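Asks: Let's see this in three dimensions:
(one chain, ligands or ions: 1)
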Amino acid sequence: MGEIIDGRLLADKMQARLKEEVEAIVASGGTRPGLVVIQVGANPASSVYVRNKENSAIKVGLHSQVDRLGAETTETELLNLIEEYNNDPKFHGILVQLPLPSHINEDKILDAIHPDKDVDGFHPVNMGNLFVGTPTKIPCTPYGIMKMFEAYNIDLNGKNAVVIGRSNIVGKPIGALMMAENATVTTAHSRTKDLAKVAAQADILVVAIGRAKMVDASFVKEGAVVIDVGMNHDENGKLCGDVDFASVEPKASYITPVPKGVGPMTITMLITQAVETALGRKIDFTGILG
Ligand code: GUN
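Replies: Take a look at the predicted model:
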């Protein structure tokens, strides 16, 4: 039976610690760490994500601003706004919620955010630093997964890790992060032959493929650690992951649920990176679960 990795609990503990860091900065006369989130258009899923980010930022005591721009906003207008925030010392983090409307080039927008304020870790400079082994800002979902491994004392050294999914946001960076911890990493995806057989080699299985409950017990080795990045709705409209939890949980040693698994950690790492930018150093969360 798998031990549940409680992302909600870990996120709450980390956010309480972040609040202390924020208040210490302010008490010593420093600028309150600031985060601006920009949403263009009204994609319903994006609106939920942006609201959750705003609520967490406020809870931790950040100077939080959300710019909700009309879908007709031009690329030039958005680039000009980003340039303003790049030069505004009130904001330590800038996040442009994706996806953007199709008339705006996402790569151009991500390139325009100053790498030091890129709390999403999506800028090519930050991505490059991650892949050459000198990480700066790190994409938040993979960073949150690494914090889960740390908090639950899951050692990656010499383990077989399989990632299902090859996105820039999750699949590629989690592979680089686990490799840096001496795991042997295989990146599988929708075109991988015998996907279940490949996955079943994993001591650590990270699933980020975006298909509801696709990974069942046949993909999982007895005793594997299973991390579910999926965020889908099942046939009854209920939130579910990419992993069929009921089928996989009995075989796993550790498993993340959906909801209350990886999701809360993603937002926490976003806030962490804004606070770390203000501090000019990394925060050590070792032993945070007590
Ligand atoms: N859209 C879906 N996930 C993300 C994310 O992590 N960051 C941004 N900026 N947009 C997203």
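
Asks: C-alpha only now, for contacts and for neighbours.
Replies: OK.

Asks: which non-adjacent residue is nearest residue 172?
Replies: residue 166 (5.4 Å; C-alpha to C-alpha, 6 or more residues apart in numbering).

Asks: is it true that the one you found touches residue 186?
Replies: No - shown here, residue 166 and residue 186 do not form a contact pair, counting by C-alpha atoms under 8 Å, at 10.5 Å.

Asks: Which stretches in this protein count as helices?
Replies: All helices of the chain, identified by DSSP state H, fall at 7-27, 44-60, 75-86, 106-112, 124-131, 140-151, 171-180, 195-199, 245-248, 262-279.

Asks: So for the shortest one, what gets flagged as buried?
Replies: Taking 16 or more other C-alpha atoms under 10 Å as the basis for neighbour counts, the residues of helix 245-248 that come out buried are 245, 248.

Asks: where's that helix relative to the chain centroid, distance-wise?
Replies: Its chain's C-alpha centre and that of helix 245-248 lie 23 Å apart, by C-alpha atoms, centre = their mean, to the nearest Å.

Asks: what's it packed up against?
Replies: In terms of contacts (3 or more C-alpha pairs under 8 Å, 6 or more residues apart in numbering; DSSP states H and E), helix 245-248 is not packed against any helix or strand.

Asks: and if we set it to 10 Å?
Replies: If you count contacts as 3 or more C-alpha pairs under 10 Å, 6 or more residues apart in numbering; DSSP states H and E, helix 245-248 packs onto strand 225-228.

Asks: again, but for the fourth one
Replies: Applying 3+ C-alpha pairs under 10 Å, 6+ apart, one finds that helix 106-112 contacts helix 75-86, strand 93-96, helix 124-131.

Asks: what are the C-alpha coordinates of it, in CSV please?
Replies: The C-alpha coordinates for helix 106-112 follow below in CSV (Å, rounded to 0.1, in the frame of the first residue of the first chain):
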residue,chain,number,x,y,z
GLU,A,106,4.4,32.9,-26.7
ASP,A,107,8.2,32.4,-27.3
LYS,A,108,8.6,36.1,-27.9
ILE,A,109,6.8,36.9,-24.7
LEU,A,110,8.7,34.4,-22.6
ASP,A,111,12.0,35.8,-24.0
ALA,A,112,11.0,39.3,-23.0
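
Asks: Give the residues shared as contacts by residue 166 and residue 186.
Replies: residue 175 (C-alpha atoms under 10 Å, 6 or more residues apart in numbering).

Asks: quick one, phi/psi of the residue in the stretch 101-250 of the chain that the ligand sits nearest to?
Replies: In the stretch 101-250 of the chain, the residue that lies nearest the ligand is residue 120 (5.8 Å; C-alpha to the nearest ligand atom). Main-chain torsions, residue 120, degrees, to the nearest 10: phi -80, psi -20.

Asks: Run through the residues that contact the closest residue to it other than its chain neighbours.
Replies: Of all residues not flanking residue 120 in the chain, residue 139 sits nearest, at 5.3 Å (C-alpha to C-alpha, 6+ apart). Neighbour list for residue 139: 118-123, 126-127, 130, 168-170, 173-174, 266, 269-270, 273 [criterion: C-alpha under 10 Å, 6+ apart].

Asks: Just the buried residues of those residues.
Replies: For the contacts of residue 139, buried by 16+ other C-alpha under 10 Å: 118-123, 126-127, 130, 169-170, 173-174, 266, 269-270, 273.

Asks: So which elements touch the helix or strand of the chain with the lowest mean pLDDT?
Replies: Here the helix or strand of the chain ranked lowest by mean pLDDT, DSSP states H and E is strand 232-233, holding a mean of 94. Counting contacts by 3+ C-alpha pairs under 10 Å, 6+ apart, strand 232-233 is packed against strand 239-240.

Asks: Can you name the residues of the stretch 101-250 of the chain that neighbour the ligand?
Replies: Residues of the stretch 101-250 of the chain lying close to the ligand (C-alpha under 6 Å from any ligand atom) are residue 120.

Asks: change it to 8 Å
Replies: Counting by C-alpha under 8 Å from any ligand atom, the stretch 101-250 of the chain comes close to the ligand at 120, 139, 140, 141, 169.
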